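A.B. asks: sequence plus the predicted model coming up.
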Amino acid sequence: MSWTSNNAQPNKEVVRTHHPIPVCAIMANGLGLGMLFSHAFHFASISSGATPYLQSWILLLMAAGVGLGYFGAIQFIATSCIQRWGLVGWAGLITGIVSWLMPVVSQKLISFWMSPGTPDGFLPGPTLLTSICLGLIPGLFAGLSIGATCHVSTGVNQLNTDKATGWALLTGSLGLFLTELFLIQKFGLEFSNPMTALVWLLIGGGGLIAKAGGQIQFQPSTFEKTMAQTPEELQTVQTRRMGIYLGLTAASTLTVWMRISDWVFGDTFFWNYYWPCLALIGIGLGFLTPIGKAKSSRRNLTWGLAFSGILSFSFLYGFDDLPFWLRNLRNQLGETTVSFPIHVLTYTAIVGGFILIPSYAIGCLGYHASQVQTSKTKFPTGFQVILSTALFWPLFQHLAMPLLGLARQAGVGIAGMISLAVFLALQGHDKWRGLSKIAAAICGLLIISFTGSQFDKHWKRIFSQSDDLTTGFFSTRDEVIQWAYRSDQIVYKESAYGSLAVHSYDYPRNSQLELRINGEVIERGFAHQLKPVINTMVPYILHENPERVAIFGLRSGSAAGILASLPSVKQLHGVEVNFDLLSIIEQFSNSNGELLQRDSFQFHHTTPSKFLRQSEEELEIIINQYARPWKASDTGWFSLEFYRDCERRLSREGLMIQNIQANHVDDPTLESVIATFGSVFNQTSIWKLGYGEWMLIGTSTPREWSLDLLKERIEREEVQSILKSQDLDVWPMLLTSQISGFEEGFHLVPDESLMHSETYPALRMLGNNAYTSPAPLTLFEKNNRHFNTQSSLMIGGFAQRESWKNEQLRAFSILQIDHQFYDPKVFRSVVKRWLNLSPDETPLQILSASTAKNESPWTYESERLTTLIASFSADTEPPLELVKQAAYHSLKAYRDQRTFIYRPDTSFLEAMLDHMIQKDPQNQRVYRMNLGELAWDQGKTEQFLKLSEDAFNPETESFGPLNFSAEPMAPYRTLALMSEHWWRKGQLEKAKQVCFQALEGKYIGPNATFHHSELEQVVRKILFAIDLPNQNSSEKQSILELEAIK
């Protein structure tokens, strides 16, 4: 039957159409919109700081722009103002141009948002301007293109519009996901932004070609649409509200799930985009493949709302332990060695249904709601759902969550579904129609009331639990939960930044407070006071009498309170993004010295980037306490651009301090942080704060610190009063927290380490991998210079010139017993040194027995073999093989035991090595290298150089064949020590010659048989020192460039 026939059935309406909506055009628009949205977020973060408020403004105005553009396209075409494909063409071209100009607009906005003299706070004017430029305007033209593509001039083909909604959601989520997690990560903004512009330019070009060639011909189609039995006016009102109700439900469900996801997955970038994309896919599939008969859409809608509401209600409030179950699942999977993609697939299979199924249900409900929609409704239900979700989501984050609480907010969506089902069910019966509104309202109020009681009873406890067990006193989840319920929760707040909780407890001292952000222990009144003391007093004594200091991320205010109490600090700037922390700081007034009452303290409610750019005042010290590089909201404070802004504000002698929480960090993530930090502050030292936290101290100006001057500063009265609270007042205990010297920190990381910048945000994916499927963190352990007897550490310099006293060794034990501060092997060496001074003290012997488990496993076999050799008489020579085995085990045990504080006796080992040089000349070069290593540790540099030169001497008659098979790593170690010796002497030419020797011997470079980290580090250090006078930046040269230098 032709579509021009008039033989329609009485209960049917024939809707004329030109053609079905072209799926390829819809998919292209959806893909482009997802990519455009991603770049709008990214450039807004660059220009104005990545805050939840700005992101919400961008989301609101872009959604509003798309909605206005869609509706405007319909009006333009309906009034014949413009041809349909022409509108697609011009809107696509303008959107492409706007996308291409986003980097330029972002840079212009920086001067408006962060120029000197602008006040603190998140001002509505700049925020609105940023959102209009990067959100509303691009969204408006994108909406015009989408609306023109979806419109049919003689009516709206509802069936095809539903399919268009589904395909647009699928490709939009694909565009958002690929852009954020692949294009920007892999190729950077220089590639991804032109690609986004290219997609829209192709859409625009396709529309103009279609217009120029005449309307593209498709197969004509007709469809029949069942008219509802209710009056047309009432039906239109109901269906228009239906999309809003469903959008509210989707926003509520997604907000609650994202809150749970932040608690479980640590606010990592990948999951913050993955779950919303999965939700969009679910809604899209609901429109493409709905469940239910088409002829009973109203009944499907009613039952679907009821079933979805009851299911969501049971899911959220029937299982109080759900977040903990998800956390345990993450911990169990995190212990496996599988790759990150396998983790993603596993989480999607096990957990993805929690977001995919409700989203699919909403999509199905949207489809059935659209089937009872009259032809006068020109705004399809699918777009109503998506735009309502985008509009309600920020409202839930910034209004509903702080006012109602998370559980009540979840109840809003559930109450909306169930009460709407009750309303529609009663509306279908004439007898009960008058009670429909009252019954629906009562049902909704009862559900919200119940969810409120659940919030106070369970959810506040769940979302304030401790995350990182390593930062507290407890080792198991059961202990954490038990103690959490014993403590008193005196503060609990929900906001867009997550949950803030303050607990009071009486262990190990009375009335101790604990700050938890998103369930993670940030600071604890007694134990964690060690961290802010080291965090502040080390830079304070390194920089004599700093007057102007800035701290980014105030936490409980403990670190800021310590600095504010020092008389030399005249101005202390506290910069905090989360304004709610101001009241928390007041709660901790006893432990932060009443920080808010200090005249020197100034609170800045702004982002660190804006603070750095809004003034030209020089600072002596900057401490960045945003220490979690895996957090999506904090990655901007680890970027190259951020550190350059810090350097610009620091004085010539200024110090930059970057805290790092290492509990969820692996080696690649840490290497990226150090590489980025060190590229600006090439004099970088690493210090331990305790409880899983470390700090980088950097300066761009090479400096040397006198131990006598540091001792004088530490012994000042105001410093001693602070250090004594944590048993750090004994000289030189504060210096023992340093594990890497200022000349070494930057060079610990490989040449290929990724640097994190706004253009190439490497930490986004590295942080995801580290938090979700972490590999063991080994960088700090492998590069701990406490295990070097001749280290460049400040404490190493003290150990080389002064003797240890019982008072100092006792201070070591106090720190270890109270805080487990030192590596167990280091503390074992402290006990051995102490036993040498006081061998008859019974408590010390007990302490030695308790630390015996940390003894080197090579020690016992070494002692057995050396005892066996000693049993031979003077006239009997022990077998050479026995001597080899004894020397091997003794050397291994020696390397495990030596530290800056203790060096085992090596006289018997040296005698065995001398004996093997005579009796085993084939391997004498290796034995000479071993003797050279022992000479280096004893400070006998001349003897070390003589043995090392003999070991590499090409003359074979006196020194044997060039054979290092007895210990293949011996030449690597010897070359590293030779290079280090000449570097310390300042003779870079000789150091460079040793590097050439290592390159020619294939000990470094791409052809090296093994990779020895210490040799590669010292080569990088030498290359940097050689090239530094000739370069304006602090970029280090690769080992691969050594041949070019030669």
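C.D. replies: Alright, I've got the coordinates.
A.B. asks: sec struct for the residue nearest to residue 926 when sequence neighbours are not counted, please.
C.D. replies: Nearest in space to residue 926, with sequence neighbours left out and distances taken as CB to CB, 6 or more residues apart in numbering, is residue 966 at 4.3 Å. In short, each C-beta sits where N, CA and C put it, glycine included. Following DSSP: H, G, I helix; E, B strand; the rest coil, we place residue 966 in the coil state.
A.B. asks: what sits against residue 966?
C.D. replies: Neighbouring residues of residue 966 by CB atoms under 8 Å, 6 or more residues apart in numbering: 923, 926, 927.
A.B. asks: tell me, what's the model's pLDDT at the last one?
C.D. replies: By that I understand residue 927. Per-residue pLDDT puts residue 927 at 95.
A.B. asks: list the contacts of it.
C.D. replies: Neighbouring residues of residue 927 by CB under 8 Å, 6+ apart: 913, 916, 917, 920, 966.
A.B. asks: pretty sure it is in a helix, no?
C.D. replies: Yes - assessed with three-state DSSP, residue 927 lies in a helix.
A.B. asks: tabulate the contacts of residue 966 (CSV), appending distance to residue 313.
C.D. replies: As requested, these are exported to CSV (distance: CB to CB, whole Å):
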residue, distance to residue 313
923, 76
926, 73
927, 76
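A.B. asks: just the closest of the residues you listed to residue 339, please.
C.D. replies: Nearest to residue 339 out of these is residue 926 (CB to CB; 39.3 Å).
A.B. asks: confidence-wise, which helix or strand of this structure is lowest on average?
C.D. replies: Comparing every helix and strand of the chain by mean pLDDT, DSSP states H and E singles out strand 223-226 as the least confident one, with a mean of 40.
A.B. asks: following that strand, which helix or strand shows up next?
C.D. replies: Per DSSP states H and E, the first helix or strand lying C-terminal to strand 223-226 is helix 232-265.
A.B. asks: return the list of helices and strands in contact with that following helix.
C.D. replies: Judged by 3 or more CB pairs under 8 Å, 6 or more residues apart in numbering; DSSP states H and E, helix 232-265 is in contact with helix 269-288, helix 297-317, helix 322-334, helix 353-371, helix 381-395, helix 406-427, strand 498-505.
A.B. asks: report the rounded mean pLDDT for the last one.
C.D. replies: The average of the pLDDT scores along strand 498-505 is 82.
A.B. asks: and what of the third one?
C.D. replies: The pLDDT scores in helix 322-334 average 71.
A.B. asks: what sits against residue 496?
C.D. replies: Contact analysis of residue 496 by CB under 8 Å, 6+ apart lists 52, 53, 56, 397, 398, 401.
A.B. asks: now do residue 997
C.D. replies: The contact partners of residue 997, by CB under 8 Å, 6+ apart, come to 952, 975.
A.B. asks: tell me, what's the model's pLDDT at it?
C.D. replies: 92.
A.B. asks: what helix or strand does it sit in?
C.D. replies: Element membership of residue 997 [criterion: DSSP H and E] is helix 988-1000.
A.B. asks: who does the helix or strand just after that helix touch, helix- and strand-wise?
C.D. replies: Remark: after helix 988-1000, the chain's next helix or strand is helix 1013-1027, criterion DSSP H and E. With contacts defined as 3+ CB pairs under 8 Å, 6+ apart, helix 1013-1027 has these neighbours: helix 970-985, helix 988-1000, helix 1042-1045.
A.B. asks: check whether residue 247 really touches residue 381, as I assumed.
C.D. replies: No - at 9.8 Å, residue 247 and residue 381 do not qualify as touching, with contact defined as CB atoms under 8 Å.
A.B. asks: when the two are compared, which one has more neighbours?
C.D. replies: Neighbours around residue 247 and residue 381, counted as other CB atoms under 10 Å, are more numerous at residue 381. The numbers are 29 against 24.
A.B. asks: which residue packs closest to that one, ignoring adjacent ones?
C.D. replies: residue 370 is the one closest to residue 381 (CB to CB, 6+ apart), at 4.0 Å.
A.B. asks: count the neighbours of the one you found for me.
C.D. replies: Applying other CB under 10 Å, we find 27 residues neighbouring residue 370.
A.B. asks: can you give me the domain assignment for this protein?
C.D. replies: The chain breaks down by automatic domain parsing into domains covering 13-225, 234-462, 469-520, 522-797, 968-1046.
A.B. asks: which of those domains sits closest to residue 878?
C.D. replies: domain 968-1046 (23.2 Å).
A.B. asks: now the closest one: how far from the chain's centre is it?
C.D. replies: Mean-position distance between domain 968-1046 and its chain equals 33 Å (CA atoms, centre = their mean, to the nearest Å).
A.B. asks: over to stretch 62-76?
C.D. replies: Taking CA atoms, centre = their mean, the mean C-alpha location of stretch 62-76 is offset from the chain mean by 36 Å.
A.B. asks: start the count at 16 instead of 1 going forward.
C.D. replies: Let's use 16 as the start, then, which means that last one is stretch 77-91.
A.B. asks: so for it, mean pLDDT?
C.D. replies: For stretch 77-91, the mean pLDDT works out to 85.
A.B. asks: buried ones in that stretch?
C.D. replies: 77-89, 91 (16 or more other CB atoms under 10 Å).
A.B. asks: wait, residue 89 touches residue 162, no?
C.D. replies: Yes - applying CB under 8 Å as the test, residue 89 and residue 162 come out as touching, 5.7 Å apart.
A.B. asks: what about the strands in the stretch 616-765 of the chain?
C.D. replies: 616-620, 634-639, 665-676, 698-705, 708-714, 753-755 (DSSP state E, counting those that start in this stretch).
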